[in-house]
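1. pasting the sequence and the predicted model now:
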Amino acid sequence: AQSVTQLDSQVPVFEEAPVELRCNYSSSVSVYLFWYVQYPNQGLQLLLKYLSGSTLVKGINGFEAEFNKSQTSFHLRKPSVHISDTAEYFCAVIVSGGYNKLIFGAGTRLAVHP
Amino acid sequence: ETGVTQSPTHLIKTRGQQVTLRCSSQSGHNTVSWYQQALGQGPQFIFQYYREEENGRGNFPPRFSGLQFPNYSSELNVNALELDDSALYLCASSLAPTSTDTQYFGPGTRLTVL
């Protein structure tokens, strides 16, 4: 079975500082990796995804993530955050070759302070 | 292009009642997935419909049932509501059910069971 662990439930950071949200996954088969963002009282929006190719993936709003197969990690980074980045961030996996059933982590609450 | 829409936005029911939630998929999408997001947790996969047939199911009891219509819109029905069914219910659509197809989420329906 597959599982996703988001190592921090909350990450406070000051505006314009860099941030890293950590994600580890467990799977005996190949998976695809995703980061979604959820703003208050809204649904989920795709930030970026890794299917294959370059392990450094760039997404929307200046976010990027790096796939590390040996460490089974897919950490999300942004070099300089804004107040508007305050939201819940979810890491998720899909088993490659199966159907697109997303398995989510518990989420990381990013709080950007002025 | 219209995105994924869900109705109603909020709903309050009492234990033992039945509820129907609705989802309109994005134009051109034939696959709809439903997720339950309890407070403070990541979304959990309920089931997926592809071309009006159930294509996969998560670990939810049979009182959670669904339907997909010829226009690919979908319903989620929950019978004999329990307090633990209180959650945000998210619908997502995709072009196809394959593992590389991105899911686009609606804003969700907030269900409160008293």
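-> That came in fine, so what should we check first?
2. contacting residues for the residue of chain A found nearest chain B?
-> Nearest residue of chain A to chain B (Cβ to the nearest Cβ) works out as residue A:104 at 3.4 Å. C-beta here means a position set from N, CA and C on the backbone, and glycine is covered the same way. Shown in contact with residue A:104 (Cβ atoms under 8 Å, 6 or more residues apart in numbering or on different chains): A:4, A:36, A:90-92, B:42-44.
3. make a PyMOL selection of the buried ones in those residues.
-> Per 16 or more other Cβ atoms under 10 Å in any protein chain shown, the buried members of these correspond to this PyMOL selection:
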select buried, (chain A and resi 4+36+90+91+92) or (chain B and resi 42+43+44)
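4. now render the contacts of residue A:104 as a markdown table, adding secondary structure, pLDDT and distance to residue B:93.
-> Converted to a markdown table, those look like this (DSSP: H, G, I helix; E, B strand; the rest coil; pLDDT from 0 to 100; distance: Cβ to Cβ, whole Å):
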| residue | secondary structure | pLDDT | distance to residue B:93 |
| --- | --- | --- | --- |
| A:4 | strand | 96 | 22 |
| A:36 | strand | 97 | 15 |
| A:90 | strand | 98 | 18 |
| A:91 | strand | 98 | 21 |
| A:92 | strand | 97 | 16 |
| B:42 | coil | 94 | 19 |
| B:43 | coil | 96 | 15 |
| B:44 | strand | 97 | 18 |
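5. can you lay out the contacts of residue A:104 as a markdown table showing distance to residue A:47?
-> Listed next are the contacts of residue A:104 as a markdown table, based on distance: Cβ to Cβ, whole Å:
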| residue | distance to residue A:47 |
| --- | --- |
| A:4 | 15 |
| A:36 | 6 |
| A:90 | 9 |
| A:91 | 10 |
| A:92 | 11 |
| B:42 | 15 |
| B:43 | 15 |
| B:44 | 20 |
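6. which bits of chain B sit near chain A?
-> B:4, B:31, B:33, B:35, B:40-45, B:48, B:50, B:55-56, B:58, B:90, B:92, B:94, B:97-108 (Cβ under 8 Å from any Cβ of the partner chain).
7. which among those residues end up buried?
-> B:4, B:31, B:33, B:35, B:42-45, B:48, B:50, B:55-56, B:58, B:90, B:92, B:94, B:97, B:99, B:101, B:103-108.
8. can you pull the pLDDT of the residue nearest the centre of chain B?
-> Closest to where the C-alpha atoms of chain B average out (Cα atoms, centre = their mean) is residue B:34, at 3.1 Å. Looking at residue B:34, its pLDDT reads 98.
9. for residue B:71, same thing?
-> You'll see residue B:71 listed with a pLDDT of 92.
10. tally of neighbours for it?
-> 9 (other Cβ atoms under 10 Å in any protein chain shown).
11. and it, backbone torsions?
-> Main-chain dihedrals, residue B:71, degrees, to the nearest 10: phi -90, psi 10.
12. neighbours around residue B:27, how many?
-> 10.
13. so what's residue A:95 bridging to?
-> residue A:31 (DSSP bridges).
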